[in-house]
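> below is the structure, and that's it, no one-letter string:
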C-alpha cells in the first residue's frame, strides 16, 4: 500500500539542527515530489517547501520564510526524502509532515508526522 | 496570519449541512485550484477535495467543494459525528511561488 513513514520524535537544543526522514513505499518514488508541511502547537498548517524526488530540485517560496535554514533532499536509492532545519529556536517546535505532491499538486498521501521539540 | 482566510469555527447537528469558506486573492485562489484537507488532531491530514470540486476515492459523497473567483468553499451535507475535525484549504500562490494554507476551521458536531 502507498505510504510515507517518517522518523521518530526528536528533542533539540536552541541553535542545533534537526533532520527528519520520510521513506516512501508502494509507488514509484521518482514519479512524485515530496512537500514538507509543519504545524506548531495550536497553530495551522504551514507550507515549507518541496523537492523533486528524481532530480532533487527544491522550491521554498519567495518569502524566504526559513532564511536559508531549510534543506530538502531526496535519495532515490532508498526512496527517502529528508528535511533538515538548522539554527533551531523554540518557534520551530512543531509536528513536521511530509506529503506526496509538489507545487500545484494536491497532497494525497501524508506521513504520520514527526514531533520536534526545541528546548534548552 | 494565514494567506487564505477561513472562519475559525463551524458547527451543526447530525444531518445538517455545514459550509466552510476560504477567501484568497487573484495570485492564489484566483489563479490556481483549491484543495481541502481534514485534520483530526493527533493524526495525519487527509485530502477530502482536490482541484476545487473533485473527491478522492474513498471520501464520502457528502463532501463537496466549489470555487468562484478568489473564494472557495467546502460543504458537508448530512453532518456525521466522524466529521468533527479541523478543515484547511490550500492553494499555490503565484506571487509567493509557494503553497499557502488557510488558518483552519474547527467543525464541531453538536
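That came through fine. Keep in mind that this is a model prediction, so the values were computed, not measured.
> got the residues of chain A near chain B?
Proximity of chain A to chain B (C-beta under 8 Å from any C-beta of the partner chain) is limited to residues A:35, A:37, A:44-47, A:49-50, A:59-63, A:97, A:99, A:103-104, A:106-108, A:110-113. All C-beta spots, glycine's among them, are computed from the backbone N, C-alpha and C.
> so which of those sit within strands?
A:35, A:37, A:45-47, A:49-50, A:59, A:97, A:99 (DSSP state E).
> how close does the nearest residue to residue B:25 once chain neighbours are set aside get to chain A?
Among residues not flanking residue B:25 along the chain, residue B:70 sits closest, at 5.6 Å (C-beta to C-beta, 6 or more residues apart in numbering or on different chains). For residue B:70, the distance to chain A (C-beta to the nearest C-beta, to the nearest Å) stands at 17 Å.
> what's near enough to touch residue B:70?
By C-beta atoms under 8 Å, 6 or more residues apart in numbering or on different chains, residue B:70 lies in contact with B:23-26, B:28-30.
> most neighbours of all those, which one?
residue B:29 (28 neighbours; other C-beta atoms under 10 Å in any protein chain shown).
> verify the stated contact: it with residue B:68.
No: Residue B:29 is not in contact with residue B:68 according to C-beta atoms under 8 Å; the separation is 9.3 Å.
> what residue, apart from its backbone neighbours, is nearest the residue of chain B found nearest chain A spatially?
Residue nearest to chain A within chain B (C-beta to the nearest C-beta): residue B:98, separated by 2.6 Å. Leaving aside its sequence neighbours, residue B:98 sits nearest to residue A:61 (C-beta to C-beta, 6+ apart; 2.6 Å).
> likewise for residue B:52?
Per C-beta to C-beta, 6+ apart, closest to residue B:52 is residue B:67, 4.2 Å.
> for chain B, where's the lowest mean pLDDT among helices and strands?
Using mean pLDDT, DSSP states H and E, strand B:98-101 stands out as the lowest-scoring helix or strand of chain B, at a mean of 94.
> partner strands of it and their direction?
Here strand B:98-101 is paired, per DSSP bridges, with strand B:85-93 (antiparallel).
> let me know the angle separating the strand it pairs with from strand A:45-51.
In terms of direction (axes from the mean of the first three to the mean of the last three C-alpha atoms, to 10 degrees), strand B:85-93 departs from strand A:45-51 by 50 degrees.
> tell me where the model's unsure across the chain.
No chain was given, so I picked chain A. For chain A, the stretches with pLDDT under 70 are A:63-64.
> please redo it, this time with the cut-off set to 90
Along chain A, segments meeting pLDDT under 90 span A:53-68, A:102-105.
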